[in-house]
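Colleague: any chance you could fold what I've pasted below:
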Amino acid sequence: QVQLVESGGGLVQAGGSLRLSCAASGSIFSINTMAWYRQAPGKQRELVAGITGGGTTNYADSVKGRFTISRDNDKNTVHLQMNSLKPEETAVYYCNARIRESLVSYENTFWGPGTQVTVSS
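Modeller: Numbers count the residues shown, from 1 in each chain. Take a look at the predicted model:
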C-alpha cells in the first residue's frame with residue numbers, strides 16, 4: 001500500500017517562507033510525476049507545481065518566481081519551497097504522485113492527506 005505524507009505546513013506572516021515536504025512509502029516500483037496542489041476554502045483544488053522523474057518542472061502562473069519544486073528520487077520525496085507568501089495562498093496543500101507499484105501494474109494517482117498553510121496579513 002502506497003502512502004504519501006506531507007510535512008512542513010504551518011502559520012507564516014505575509015512575505016515569509018515555508019518549505020513543504022512529501023515522502024512516498026510502501027510498495028513502489030517507480031514514480032513518474034510528483035506535484036503539489038492546494039485547495040482554499042470554498043475553492044477548487046488547483047495545481048501549484050509539478051515535476052517529472054527527469055526533473056522537468058511546471059508552475060502555476062501565480063507562483064512562478066516565488067515557489068520552487070524539487071525531488072529526491074532516491075528518497076521518493078518531493079519538496080516545495082515557498083517564498084514571498086501571500087494571505088490568499090492560505091490553503092490545504094496536497095502532495096500528488098503517479099506511481100507504479102510493480103513492474104506489471106499501471107500507474108495510479110495517489111494523494112497525501114494534506115497540510116495546512118496559513119498566511120497571515
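Colleague: pLDDT score assigned to residue 87?
Modeller: Here, the pLDDT recorded for residue 87 equals 97.
Colleague: give me the number of residues near residue 63?
Modeller: Neighbour count for residue 63, taken as other CB atoms under 10 Å: 22. From N, CA and C alone the C-beta is placed, and that goes for glycine too.
Colleague: how close does the residue nearest to it when sequence neighbours are not counted sit to residue 12?
Modeller: Nearest residue to residue 63, sequence neighbours excluded (CB to CB, 6 or more residues apart in numbering): residue 48, at 5.9 Å. Remark: distance between residue 48 and residue 12 (CB to CB, to the nearest Å) = 16 Å.
Colleague: the more surrounded of those two?
Modeller: Shown here are residue 48 and residue 12; by other CB under 10 Å, residue 48 has more neighbours (24 against 17).
Colleague: after the one helix or strand the more buried one maps to comes which helix or strand?
Modeller: Element membership of residue 48 [criterion: DSSP states H and E] is strand 46-51. Note on strand 46-51: by DSSP H and E, the next helix or strand toward the C-terminus is strand 57-59.
Colleague: list the buried ones in whatever helix or strand comes next after that next one?
Modeller: Once the chain leaves strand 57-59, the next helix or strand it forms, by DSSP H and E, is strand 67-72. Buried residues in strand 67-72, counting neighbours by 16 or more other CB atoms under 10 Å, are found at 67-71.
Colleague: pLDDT weak spots in this protein?
Modeller: For the chain, no stretch has pLDDT under 70.
Colleague: from the buried residues of strand 67-72, pick the one nearest residue 118.
Modeller: residue 67 (16.5 Å; CB to CB).
Colleague: partner strands of the strand holding residue 48, parallel or antiparallel?
Modeller: strand 30-39 (antiparallel), strand 57-59 (antiparallel) (DSSP bridges).
Colleague: show me the contacts for the residue nearest in space to the middle of the chain.
Modeller: Nearest to the geometric centre of the chain sits residue 36, at 2.6 Å (CA atoms, centre = their mean). Residues counted as contacts of residue 36 (CB atoms under 8 Å, 6 or more residues apart in numbering) are 20, 22, 47-50, 69, 78, 80, 93-96.
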